[in-house]
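Would you be able to build a 3D model of this:
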Amino acid sequence: MRQSGLQSKSRRHRSLPSTRYVPLLIFALLGPARGVVKAQSMTQEELTQQIQKLSDAMARTQSQIEQSQRDMEEMRRQLSALQRQVAKGGGTTNPPSPPPSPAPPTVEALNEKQAMDEAQIATHEQTKVESDSKYPVKINGLLLFNGFVNTSKVDIAATPTVALGGPGSSGASIRQTRLGIEARGPHLLGARSYGDISADFNAYQAPVVNTTSNAGVVTYSNAYNENNALLRLRTAHAGLNWERTQAYFSYDRPILNPDYPDSLTAVSMPPLAWSGNLWAWNPQVGVAHNFSLSASQQLRLEAALIDAADAPLVPLLPAGVYQRPSVVSTAERSRWPGAEARIAWQGSRSDESTHFGVGGYFSPHRTSDRFTFDAWAATADYRLSLPARLSLVGSAYRGLALGGLGAGGYKDYVYGIDSDSGWVYHRALDDVGGWSQLKERVNERLEFNAAIGIDELFAKQLRPYAGPYTAAYQNLARNRTFTGNVIFSPSAYLLFSLEYRYIVSSPVVGSSAASSIIGLGAGYKF
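Numbering: from 1, shown residues only. Alright, predicted model coming up:
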């Protein structure tokens, strides 16, 4: 029995857990509780972080709202300042209305924009033109096709300026195609330097002297031949541009005529050339300065020296009367440069803005037989921006011996020979003229233009020197041109135009001649 009790006691002792397992039991019991506490602690940290993020976002939003309020206050202050300025000027103004919402782009517009973007990307990827100066150089031009119909005879079929009377002509030409190079150079003396040059293919054979007639004048036999297209310098510019001052030299139309009529069928020879438009290109060197009158107005002063070329028709004395020593222009023979100046009020710094200007020109001349005369001109020019997308632009002049500027009926002077004494006498010719154009720009792609120009010599001065033996240019006393065109540009690179011109040329002896010119132009810009 004792043994059995001991065995029973021993079994009871083995059934109690050992003390070394107590920590394990405690860990097992406390583990889930620690997990719950840790989960609660992590949830509180995440909540704290989210609250902090929301607080930061609210702070940034509040800062943006305050900045917007400051911007609105600045805009209100500027608007009040403008209203006070207008009130001081005696005018009234209404608060500006918000701009209309742009119309949604059409599929054609999106396709065109995509094509232009692709062309610009291709331009950036192509090999650039490289110059010795390593500064950017850009090539541009206009590949221009012209078709024409002349109802009566004109001086040059593709680019007429004078009606001669007789049978008409028709044809096509690409001689007015233009090539150009533009360059931008380094800054010098705080100014940006620049240069450009343009040329076309409208040069003709050199004039020859008509030795078979007693007139002894320059003629242009066989002047028009499409197979004899020659490269011709059109314009050139180089100079320095400061903020308000410009110094330059150029080969271009005179500064007295800053604007020109628009045309796509008369590019190498302007549509109102020799009909009131002082267009002739001459070497010039000058300086211009803009004086600011207000935020939207300025006064421009410009002056230049000019080497005025001879008129296309230069009378030559018979060889027995005087021997010409050299081929030098009458202006160069005087050994003094010509001078020109212009002062203009401009509505803004844009070339298309409203402006009014007056100018003057003076240039001494000396002929091969020592006849001296002073060419001069007084001019006025204007550009008016009118309602309904209309604009009116033009100029007028009054002067003497203006053949070198593109007026005067192709001549500066005339001469005669006394039959008894053989004495040669000359007469420089007074001239008056001008032109004006009305433009309707429907949108960026479509525009309509209508223009008129007139150049008139004093008939009483010319009549004593005219005769049946003289050429049409020599007898020309008045030249008038009426023109109208529509120019359509479906894209930034394509141009199309239909133009009508009517030229009336009046000689001092005989009846007037007239011709209608219908022109079609198609161009590709690059």
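
where's Val149 relative to Ser497, distance?
For Val149, the distance to Ser497 equals 15 Å [CB to CB, to the nearest Å]. For every residue, glycine as well, the C-beta is placed using N, CA and C.

Ok, Thr177 next?
Distance from Thr177 to Ser497, by CB to CB: 15 Å.

The closest residue to Tyr397 other than its chain neighbours: which element?
In this structure, Tyr397 finds its nearest non-sequential neighbour in Thr379, 4.6 Å apart by CB to CB, 6 or more residues apart in numbering. Secondary structure assignment for Thr379, by DSSP states H and E: strand 372-386.

Remind me which helix or strand Leu462 belongs to.
Per DSSP H and E: helix 459-462 holds Leu462.

which residues sit against that helix?
Val414, Arg427, Leu429, Asp430, Asn475, Ala477, Arg478, Val508 (CB atoms under 8 Å, 6 or more residues apart in numbering).

Restricted to buried residues, select those residues in ChimeraX.
Selection of the buried residues among the contacts of helix 459-462 in ChimeraX, burial being defined by 16 or more other CB atoms under 10 Å:
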select :414,427,429,430,475,477,478,508
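
Now pLDDT and secondary structure too, for the contacts of helix 459-462, in TSV please.
Putting the contacts of helix 459-462 into TSV (pLDDT from 0 to 100; DSSP: H, G, I helix; E, B strand; the rest coil) gives the following:
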residue	pLDDT	secondary structure
Val414	90	strand
Arg427	93	strand
Leu429	96	coil
Asp430	98	strand
Asn475	89	helix
Ala477	95	strand
Arg478	97	strand
Val508	91	coil
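
now, among the contacts of helix 459-462, which is nearest to Pro271?
Arg478 (17.5 Å; CB to CB).

any idea where the helices of the stretch 101-250 of the chain begin and end?
Along the stretch 101-250 of the chain, counting by DSSP state H, counting those that start in this stretch, helices occupy 107-125.

tell me the phi and psi of the closest residue to Leu402 other than its chain neighbours?
Computed as CB to CB, 6+ apart, the closest residue to Leu402 that is not its neighbour in sequence is Gly408, at 4.3 Å. With angles defined as degrees, to the nearest 10, Gly408 sits at phi 80, psi 20.

need the helix or strand of this structure with the lowest average pLDDT.
helix 2-15 (a mean of 42; mean pLDDT, DSSP states H and E).

residues of the helix holding Leu462 that come out buried?
Gln461, Leu462.

Same question for stretch 235-243.
In stretch 235-243, counting by 16+ other CB under 10 Å, buried: Ala236, His237, Ala238, Gly239, Leu240.

Quick one: mean pLDDT for the strand or helix carrying Gln83?
Using DSSP H and E, Gln83 maps to helix 22-88. Helix 22-88 carries an average pLDDT of 66.

Repeat that for stretch 261-268.
Stretch 261-268 shows an average pLDDT of 95 in the prediction.

And that stretch, how far out from the chain middle?
13 Å (CA atoms, centre = their mean, to the nearest Å).

Same check on stretch 396-408?
25 Å.

Report the buried residues of it.
Neighbour count says stretch 396-408 has Ala396, Tyr397, Gly399, Leu400, Ala401, Leu402, Gly403, Gly404, Leu405, Gly406, Ala407, Gly408 buried, by 16+ other CB under 10 Å.

for the stretch 401-526 of the chain, what spans make up the helices?
With DSSP H, counting those that start in this stretch as the criterion, the stretch 401-526 of the chain has helices at 459-462, 472-475.

Which of these comes out lowest on mean pLDDT?
Looking at those, the bottom one is helix 472-475 with a mean of 82.
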